[in-house]
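Participant: sequence first, then the predicted structure:
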Amino acid sequence: MVEQTKKKKIILIGDSLDSGGAEKVHAILSNYFQESNFEVFNCIFLDKVSYKYSGSLLNLAKIQHSNSVLQKWKRFSVLKNYFKANSFDIVIDFRMRTSTVQELLLSELIFPNNTFYTIHSAILNYYLPENSFLAKITYNSRKVVSVSKAVQQIVNQRYNFENSFQIYNPIDFKEIQQLQNEFKVNEPKYIVAAGRMNDTIKQFDQLIECYSKSILPQKGIKLVFLGDGGNKNKLQTLTEQLGLSTLIEFKGFVANPFPYYKEALFTVLSSKNEGFPNVLIESLSTQTPVVAFDCFSGPNEIIEHEINGLLVDNQNFEALTEAMNKMIENVDLYQKCKLNSKESVRKFDIQIIGQLWQKLFKNVVS
């Protein structure tokens, strides 16, 4: 009788499984690892779940009902016992890690050496302490995985960790091809922008201004926003002030954005900075080209200028308006970008990215 190989236990830890880029990567990888014969566990700190995931789920938010010291300690104890009971072979942490004390305690008392800390933004203090000494104490014996080459470069320059790696965010091509046909978007010609509206990083207000100065409104081409957040009302007020209420639509959070990407003329990204913007690779996967600032970081690792989209001089809003116009006026260029879109991002398919993760495990997990 052939003895079956014991499944490796992997736990994926996130802030939530809802609405964000890192959260989506968490969900996609959980599905991949389940299909790849891992025993998959998930842990989240916020009670928000909208993405399809695989494996069991420890929802710590259901334990903590306040921010009292007692409740925090209870949650910490539950997590510690959970790790002790399961003896995980691999841990991947997708969370934002802004509390230095909390992360030091997790690192020293709960997380094993085979922990992979992911960094999903060019704003490193979302994930690592500014103090390099504290960062070394917490993370140097673990593995740090950046989502773009540019992010990895600044991590290496600032911290010089012993175990620094880079793996891009994945997309699930097979699932996207199904989801993009799930419903028909009842809109005339439009472009799309997507992201959270909780801060100023996406610069949606500036994008609205650029759109208002472009040729798109006079041609009846709408601007459709996918996403929600605290700044939504301000953006709607700006739209009204510019007299564009009939041409700019706010769809809120959309669980399946792919039909919107598929039927858009192009997707536009106006961010101050990124990590590795999922919105670009998701749009391109539906054969829809993109226009984006060459901001730090990610767009220039996705976009080949005038091949699958347009890279715009970083933070040059006049140039962003011109690029939007160019996509409408230069039909040959547009068709070229559209034709190349899907194939340009096949390298980010989960089957390829997942294998890179497994190769990393094989090479560095003790």
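Facilitator: Yes, it's here.

Participant: buried residues in the biggest helix by length in the chain?
Facilitator: Assignment by DSSP state H gives helix 69-86 as the longest helix of the chain. The neighbour-count check on helix 69-86 (16 or more other Cβ atoms under 10 Å) flags 75, 76, 79, 82, 83 as buried. Just so you know, the C-beta spots here come from the backbone N, C-alpha and C atoms, and that holds for glycine as well.

Participant: out of those, the closest to residue 105 would be?
Facilitator: Nearest to residue 105 among the buried residues of helix 69-86 is residue 76, at 7.2 Å by Cβ to Cβ.

Participant: for that closest one, give me the pLDDT.
Facilitator: Note on residue 76: pLDDT of 92.

Participant: setting the sequence-adjacent residues aside, check what's closest to it.
Facilitator: Spatial nearest neighbour of residue 76, excluding adjacent residues (Cβ to Cβ, 6 or more residues apart in numbering): residue 105 at 7.2 Å.

Participant: surely residue 138 meets residue 101?
Facilitator: No: Residue 138 is beyond contact range of residue 101, at 10.0 Å (criterion: Cβ atoms under 8 Å).

Participant: give me the more crowded residue out of these two.
Facilitator: residue 138 (21 against 8; other Cβ atoms under 10 Å).

Participant: ok so that one is a strand residue?
Facilitator: No: counting by DSSP: H, G, I helix; E, B strand; the rest coil, residue 138 is not found in a strand; it is helix.

Participant: can you list the neighbours in contact with the longest helix of the chain?
Facilitator: Residues from elsewhere that reach helix 69-86 (Cβ atoms under 8 Å, 6 or more residues apart in numbering): 9, 11, 41, 43, 58, 60, 63-65, 105-106, 109-112.

Participant: now for the helix or strand containing residue 353, which elements pack on it?
Facilitator: Assigned by DSSP states H and E, residue 353 belongs to helix 350-364. Judged by 3 or more Cβ pairs under 8 Å, 6 or more residues apart in numbering; DSSP states H and E, helix 350-364 is in contact with helix 21-35, strand 143-146.

Participant: would you put the C-alpha positions of the first one in PDB?
Facilitator: The C-alpha trace of helix 21-35 is given here as PDB (Å, rounded to 0.1, in the frame of the first residue of the first chain):
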ATOM      1  CA  GLY A  21      -6.300  44.400  -3.900                       C
ATOM      2  CA  ALA A  22      -4.300  42.500  -1.300                       C
ATOM      3  CA  GLU A  23      -7.500  40.900  -0.100                       C
ATOM      4  CA  LYS A  24      -8.300  39.700  -3.600                       C
ATOM      5  CA  VAL A  25      -4.800  38.200  -4.000                       C
ATOM      6  CA  HIS A  26      -5.400  36.400  -0.600                       C
ATOM      7  CA  ALA A  27      -8.600  34.900  -2.000                       C
ATOM      8  CA  ILE A  28      -7.200  33.800  -5.300                       C
ATOM      9  CA  LEU A  29      -4.200  32.200  -3.800                       C
ATOM     10  CA  SER A  30      -6.300  30.300  -1.300                       C
ATOM     11  CA  ASN A  31      -8.200  28.800  -4.200                       C
ATOM     12  CA  TYR A  32      -5.000  27.900  -6.000                       C
ATOM     13  CA  PHE A  33      -3.400  26.300  -3.000                       C
ATOM     14  CA  GLN A  34      -6.500  24.300  -2.300                       C
ATOM     15  CA  GLU A  35      -6.500  22.900  -5.800                       C
END
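
Participant: partner strands of the helix or strand that comes right after that helix, parallel or antiparallel?
Facilitator: The helix or strand immediately downstream of helix 21-35 is strand 39-44, counting by DSSP H and E. For strand 39-44, the pairing partners within the sheet under DSSP bridges are strand 9-14 (parallel), strand 56-59 (parallel).
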